[in-house]
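Novice: predicted model and sequence below, questions to follow.
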Amino acid sequence: MEIDLLLIPMGARYAEMRAAALAAEDAGFGGLWTWDHLRDTDADHSPGVPEAWTTLTALAEATRRIKLGPLVLNVANRRPGVLANMAATFQQVSGGRLLLGIGAGGSRRTPYAVEQAAIGLGVDGDAVRAQRVVEAIALIRRLWAGEAGFLIPDPLPPIIVGGFGPRMARIAGEHGDGFNTQAMHPHLDELARIAREAYAARGQDPATFMLTVFAGLDDRWLRADSRARQMLERLDVSRLILLIGPPFAPEPIRAAARFLRRD
């Protein structure tokens, strides 16, 4: 299981994110992620939110080894055909290090509905947003398969679908290469089963399906002998993504990596 970091972008500065990326790569973390949001819900006390793709592309130029990905892109914010080209371009910039996380975006019940309204986009119902993910993946794969004149990523990045329920887990298995959800999700084992069974029904080897989960950066996830970590190992989780907020002081990142290496 790879251990990754997610840099929470709310209130962050790019210089801080760059320093954290370099510290994470130097410390031996496997991947680096950030959220695809444009607005801080704490709007009265925040300098804003760096945009995910721009930040990740800059970090790809600053780093050499570590995997990079958005967790996860709201497919409503970027037309899928443009996103396909963005991902292919990112593979050139990064030398093939992209993990492409995509999802349906927040529902009307979340604070991020305000963000969508502010940029002139509505928030559709759950079924409509889920179907948009299916359609986006289909178009992206068609363009990557060799549509004349379009840039093809080398290698093809895995498409990891984010979600919290059976519908998105099934979509991940039927159309994606992986599924992302909360490490402490009460039904994590069931969601993993749904996704892998759907993946196998496509004729794919379920052992190659990427199950990724996210959690806060604390001891229960750092210690390999903890019950939390052992639970993830039993479920054959591919990547554990640990969240850290600004200002991303490098020393805690290095300390966490030292803790992991002791295990």
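Specialist: Nice, thanks for sending it over.

Novice: which helices and strands sit right next to the helix ranked longest in the chain?
Specialist: Secondary structure of the chain per DSSP state H: the longest helix is helix 126-144. When contacts are defined as 3 or more Cβ pairs under 8 Å, 6 or more residues apart in numbering; DSSP states H and E, helix 126-144 packs onto helix 80-94, strand 100-103, strand 159-162, helix 166-175. Backbone N, C-alpha and C define where each C-beta goes, glycine included.

Novice: against which helices or strands is the last one packed?
Specialist: I take that to be helix 166-175. By 3+ Cβ pairs under 8 Å, 6+ apart, helix 166-175 packs against helix 126-144, strand 159-162, strand 178-182, helix 188-201.

Novice: which of the ones you listed is buried the deepest?
Specialist: strand 159-162 (a mean of 26; mean count of other Cβ atoms under 10 Å).

Novice: so for it, mean pLDDT?
Specialist: In this model, strand 159-162 has a mean pLDDT of 98.

Novice: which residues sit in contact with the closest residue in space to P155 that isn't next to it in sequence?
Specialist: Excluding the flanking residues, the one nearest P155 by Cβ to Cβ, 6 or more residues apart in numbering is G96, at 5.2 Å. Contacts for G96 (Cβ atoms under 8 Å, 6 or more residues apart in numbering) come out as P153, D154, P155, P157.

Novice: A helix includes G96, no?
Specialist: No - counting by DSSP: H, G, I helix; E, B strand; the rest coil, G96 is not part of a helix but coil.

Novice: quick revisit: to A76, which of the helices and strands packed on helix 166-175 lies closest?
Specialist: The closest of those to A76 is helix 126-144. By Cβ to Cβ, the value is 6.5 Å.

Novice: any weak-confidence spans in the stretch 151-263 of the chain?
Specialist: Applying pLDDT under 70 to the stretch 151-263 of the chain flags residues 261-263.

Novice: could you list the residues in contact with stretch 183-198?
Specialist: Contacts of stretch 183-198 (Cβ under 8 Å, 6+ apart): 164-166, 169-170, 172-174, 179, 181-182, 206, 209, 211, 213-215, 221, 228, 232, 235-237, 240.

Novice: please list only the buried members of these.
Specialist: Using 16 or more other Cβ atoms under 10 Å as the burial test, the contacts of stretch 183-198 include 169-170, 172-174, 179, 181, 206, 209, 211, 213-215, 221, 228, 232, 235, 237, 240 as buried.

Novice: E233 reaches M1, doesn't it?
Specialist: Yes - look at E233 against M1 with Cβ atoms under 8 Å: they come within range, at 6.5 Å.

Novice: in terms of neighbours, single out the busier of the two.
Specialist: Remark: of E233 and M1, M1 carries more neighbours, 17 against 11, as counted by other Cβ atoms under 10 Å.

Novice: thought S238 was touching that one, still the case?
Specialist: Yes - using Cβ under 8 Å, M1 makes contact with S238 at a distance of 6.6 Å.

Novice: follow-up on the earlier one: so which of the helices and strands packed on helix 126-144 gets nearest D126?
Specialist: Using Cβ to Cβ, the nearest of these to D126 is helix 166-175, at 7.4 Å.

Novice: separation between the residue nearest to the spatial centre of the chain and D4?
Specialist: Centroid-nearest residue in the chain: L71, 2.5 Å away (criterion: Cα atoms, centre = their mean). Using Cβ to Cβ, to the nearest Å, L71 is found at 9 Å from D4.

Novice: so what sits against both of those two?
Specialist: In contact with both L71 and D4: W33, I241, using Cβ under 8 Å, 6+ apart.

Novice: hmm, who's touching the helix or strand E251 falls within?
Specialist: Take DSSP states H and E as the rule and E251 turns out to sit in helix 250-262. Identification of contacts with helix 250-262 by Cβ under 8 Å, 6+ apart yields 3, 5, 19-20, 22-24, 26-29, 217, 219, 222-224, 242, 244.
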